[in-house]
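Q: Sharing a sequence plus its predicted fold:
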Amino acid sequence: MELIAVTMPVDLLGEHSDPAHPLDPATGADFVLRHSETALGRGLEPGEVVMLVDPEGEYHTATVLDLRFELEDTVYVLRRDARVPPEQVRDRMLHVAPRAPEEGSPPGPDDERSVVDLLGELRRRWAERDDD
């Protein structure tokens, strides 16, 4: 998973979309990001999940929905997914699988990770419902 620092709070990214690349609400896309605005060493692929961090230190996952090509740049169309608590960022970046809870054990960080993922999915579905 790639980490991408963005220059404004993630919640505001959609309000400052690139007019040269309008978004199709039917795709669930929230914002576009130019490759030249990142420090990525490689290009992203459709379907790839990335971690965003904004100037306020908030972390969010985002999914690459589409690629658009310009003469001198690649533009990524992304959908913001779940906000990720800072204590989960390292494990997600390293692709550490959540541990299965032991029977009778109290809820722990792995259960919290599942809840975060579910909240991201709920946010996406809610946005799709509003677009219909």
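A: Looks like it came in fine.
Q: Identify the residues contacting Val53.
A: Contacts of Val53 were listed using Cβ atoms under 8 Å, 6 or more residues apart in numbering, and they are 3-6, 59. Glycine gets a C-beta too; all of them are placed from N, C-alpha and C.
Q: can you pull out the helices in this protein?
A: Assigned by DSSP state H, the helices in the chain fall at 86-93, 109-131.
Q: Tell me, please, where in this structure the pLDDT is lower than the cut-off.
A: Applying pLDDT under 70 to the chain picks out residues 15-18, 24-28, 95-120, 122-132.
Q: quick one: the strands in this structure?
A: Under the criterion DSSP state E, strands of the chain are mapped to 3-5, 31-34, 49-53, 59-69, 74-84.
Q: For Gly41, which of those is the nearest?
A: Nearest to Gly41, of all the strands of the chain, is strand 3-5, at 11.5 Å by Cβ to Cβ.
Q: Distance of Pro19 relative to Val32?
A: Applying Cβ to Cβ, to the nearest Å, the value for Pro19 to Val32 is 10 Å.
Q: Among these two, which residue is more densely surrounded?
A: Between Pro19 and Val32, Val32 has the larger neighbour count (other Cβ atoms under 10 Å), namely 22 against 6.
Q: Quickly note the distance from the more buried one to Tyr76.
A: 7 Å.
Q: just Gly41 next, same as before
A: According to Cβ to Cβ, Gly41 and Tyr76 sit 15 Å apart.
Q: So between those two, which is more surrounded?
A: Set Gly41 next to Tyr76 and count neighbours by other Cβ under 10 Å: Tyr76 wins out with 27 against 6.
Q: Can you get me a residue count around the closest residue to that one other than its chain neighbours?
A: Leaving out its chain neighbours, the residue that sits closest to Tyr76 by Cβ to Cβ, 6 or more residues apart in numbering is Leu33, at 4.9 Å. By other Cβ under 10 Å, the residues close to Leu33 number 24.
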